[in-house]
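[1] one predicted model, sequence on top.
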Amino acid sequence: MIEIDRVSKVFGSGPTAFTALDDVSATIGRSEFFTLLGPSGCGKTTLLRAIAGFHPPTSGQIRLDGDDLSTKPPFERPVNTVFQSYALFPHMTVAQNVAFGLQMLKRPRAEIDRTVAEMLALVQMTAMADRRTSEISGGQQQRVALARALAPRPKVLLLDEPLSALDFKLRKEMQIELKRLQHETGITFIFVTHDQEEALTMSDRIAVMNAGKILQIGAPRDIYDHPAERFVADFIGDTNFFEGTLGDGGMVDLGNGTTIQACLPAAGHVAKGAVTLAVRPEHARLTSETDSIGLKGVLDNIVYFGTDTHYHLKLPAGEHFIVRRQNHPDLQGMYEVGQTLGIVFEANVAQILRD
Ligand code: ATP
């Protein structure tokens with residue numbers, strides 16, 4: 001329902017011109033929880049502001065249900081934003097804050113009262129309707145900001161790092177709450193975060209951004225299990241990188257006669273020959289039978305984490321490789337620092353990275 005079609009945004013002009021969005025495209029479905037994930041400065045907020053209408057794109061088009069949004073000023077778009085700072089009115093009560101947008105839209109009094117009551121119930125703030133927003137906690141302010149943004153029933157809600165001001169425990173609670181609200185209202189959420197865990201746990205799909213570009217779009221599991229390039233693999237979770245030689249049909253030769261079936265990226269091109277592969281630490285295991293194993297390393301550290309143990313190895317070319325194994329009495333004392341070990345994986349857990 002939202003089509004972001006080859007959108008670029010350049011700030012300034014001449015030698016100081018800066019490209020904040022570089023030919024970005026994505027299609028976001030109705031009622032989808034869609035997350036823009038990337039490091040600070042990658043263009044997430046700029047893209048959100050382009051959708052809201054605060055930063056018109058330099059080129060490209062944004063369409064909502066097929067209509068070009070560029071001619072519509074922000075207040076005429078069926079889109080609302082929840083900012084990181086909440087931007088509540090401190091001198092107004094909770095209920096007055098939630099009613100504000102509806103009053104601006106000149107909705108009838110009875111409808112406003114009914115909607116405010118509904119929204120406060122939805123965010124579980126009915127009991128605090130008459131408190132001033134300066135007299136409630138950060139988490140409660142967050143709920144009021146959400147209720148205020150949801151009240152006019154926008155088609156799309158844009159959320160710019162809305163949980164970043166909350167402490168860890170409250171943040172976890174609000175993650176679940178937000179997901180529930182999105183599900184109950186059926187409104188499309190476009191959520192900005194630089195927190196990979198938050199993106200993985202909340203989203204239907206994630207767009208991973210870097211330096212003004214979208215590098216990969218997919219469901220959390222796709223992005224985690226099949227990162228298409230090094231930046232994505234590195235930004236989300238822990239990843240090991242190593243080299244191999246790609247033959248036919250995703251078969252990769254690791255040397256010593258060992259060949260593995262690896263995954264080719266869903267989009268983009270990979271030429272046969274030398275390739276870089278990525279494998280998650282929990283998808284590899286170790287063996288002391290090293291004769292026919294192509295990938296070997298010297299164990300240089302064993303780190304115990306209670307539920308699992310991380311084995312740090314150094315590969316012959318000097319790269320580091322981490323294997324994560326769930327703890328089991330049989331594994332205790334099995335390997336020693338200084339030992340050369342083979343690194344083994346199942347078929348299809350190693351991802352070939354795009355050229
Ligand atoms: P963060 O997570 O830190 O908020 P972000 O991914 O949201 O980062 P943006 O705010 O979209 O990043 O900014 C992208 C880039 O565009 C940054 O390098 C920023 O300095 C630049 N930028 C943003 N707004 C302007 C502006 N009005 N004029 C010039 N450059 C800008």
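    Received the coordinates, thanks. Residues are numbered from 1 along each chain as shown.

[2] okay, and the closest residue to residue 293 other than its chain neighbours sits in which element?
    Leaving out its chain neighbours, the residue that sits closest to residue 293 by Cβ to Cβ, 6 or more residues apart in numbering is residue 342, at 3.1 Å. No exception for glycine: its C-beta is placed from N, CA and C like everyone else's. In the assignment (DSSP states H and E), residue 342 maps to strand 340-345.

[3] return the list of helices and strands in contact with that strand.
    Applying 3 or more Cβ pairs under 8 Å, 6 or more residues apart in numbering; DSSP states H and E, we find strand 340-345 packed against strand 284-287, strand 296-304, strand 308-314.

[4] any regions of the stretch 151-300 of the chain where pLDDT drops low?
    The stretch 151-300 of the chain contains no residues with pLDDT under 70.

[5] Provide a list of residues in contact with the closest residue to the ligand within it.
    Nearest to the ligand in the stretch 151-300 of the chain, going by Cβ to the nearest ligand atom, is residue 194, at a distance of 5.1 Å. If you count contacts by Cβ atoms under 8 Å, 6 or more residues apart in numbering, residue 194 has them with 37-40, 44, 161.

[6] and it, how close does it get to residue 219?
    From residue 194 across to residue 219, the span is 19 Å (Cβ to Cβ, to the nearest Å).

[7] what segments of the protein are helices?
    Per DSSP state H, the chain carries helices over the ranges 44-52, 94-104, 109-122, 138-150, 168-185, 196-202, 220-225, 230-235.

[8] in the fifth one, what counts as buried?
    Across helix 168-185, burial judged by 16 or more other Cβ atoms under 10 Å covers 170-171, 174-175, 177-179, 181-182, 185.

[9] how about that helix as CSV, C-alpha atoms only?
    Only the C-alpha atoms of helix 168-185 are listed here, as CSV (Å, rounded to 0.1, in the frame of the first residue of the first chain):
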residue,chain,number,x,y,z
PHE,A,168,15.6,-1.5,29.7
LYS,A,169,12.7,-3.2,31.5
LEU,A,170,10.1,-0.7,30.4
ARG,A,171,11.4,-0.8,26.9
LYS,A,172,10.9,-4.6,26.8
GLU,A,173,7.3,-4.2,28.1
MET,A,174,6.6,-1.4,25.6
GLN,A,175,7.9,-3.6,22.7
ILE,A,176,5.2,-6.2,23.5
GLU,A,177,2.6,-3.4,24.0
LEU,A,178,3.4,-1.8,20.7
LYS,A,179,3.2,-5.0,18.8
ARG,A,180,-0.2,-5.7,20.5
LEU,A,181,-1.5,-2.2,19.6
GLN,A,182,-0.4,-2.6,16.0
HIS,A,183,-2.2,-6.0,15.8
GLU,A,184,-5.4,-4.7,17.4
THR,A,185,-5.6,-1.5,15.3
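
[10] how far does it sit from its chain's centre?
    Put simply, helix 168-185 sits 15 Å off its chain's centre (Cα atoms, centre = their mean, to the nearest Å).

[11] hang on, the earlier thing: who's in contact with the strand holding residue 342?
    Contact partners of strand 340-345, identified using Cβ under 8 Å, 6+ apart, comprise 260, 279, 283-290, 293, 295-299, 311, 313, 321, 323, 335.

[12] show me which residues of the stretch 101-250 of the chain sit near the ligand.
    Applying Cβ under 6 Å from any ligand atom, one finds that the stretch 101-250 of the chain approaches the ligand through residue 194.

[13] and the gap between residue 314 and the ligand?
    As for residue 314, its distance to the ligand is 34 Å (criterion: Cβ to the nearest ligand atom, to the nearest Å).

[14] neighbours around that residue, how many?
    Residue 314 has 14 neighbours, counted by other Cβ atoms under 10 Å.

[15] ok, residue 45 next?
    Residues within reach of residue 45, counting by other Cβ under 10 Å, total 20.

[16] how close does it sit to residue 20?
    For residue 45, the distance to residue 20 (Cβ to Cβ) stands at 9 Å.

[17] cool, and residue 49?
    For residue 49 relative to residue 20 (Cβ to Cβ), the value is 10 Å.

[18] neighbour-wise, which of those two wins?
    Neighbours were counted for residue 49 and for residue 20 using other Cβ under 10 Å; residue 20 has more, 22 against 18.

[19] which residues does the more buried one contact?
    By Cβ under 8 Å, 6+ apart, the contact set of residue 20 is 9-11, 43, 46, 212.

[20] let me have the residues you listed in a markdown table, adding neighbour count as columns.
    Shown next, in a markdown table, are the contacts of residue 20 (neighbours: other Cβ atoms under 10 Å):
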| residue | neighbour count |
| --- | --- |
| 9 | 22 |
| 10 | 15 |
| 11 | 13 |
| 43 | 23 |
| 46 | 20 |
| 212 | 21 |
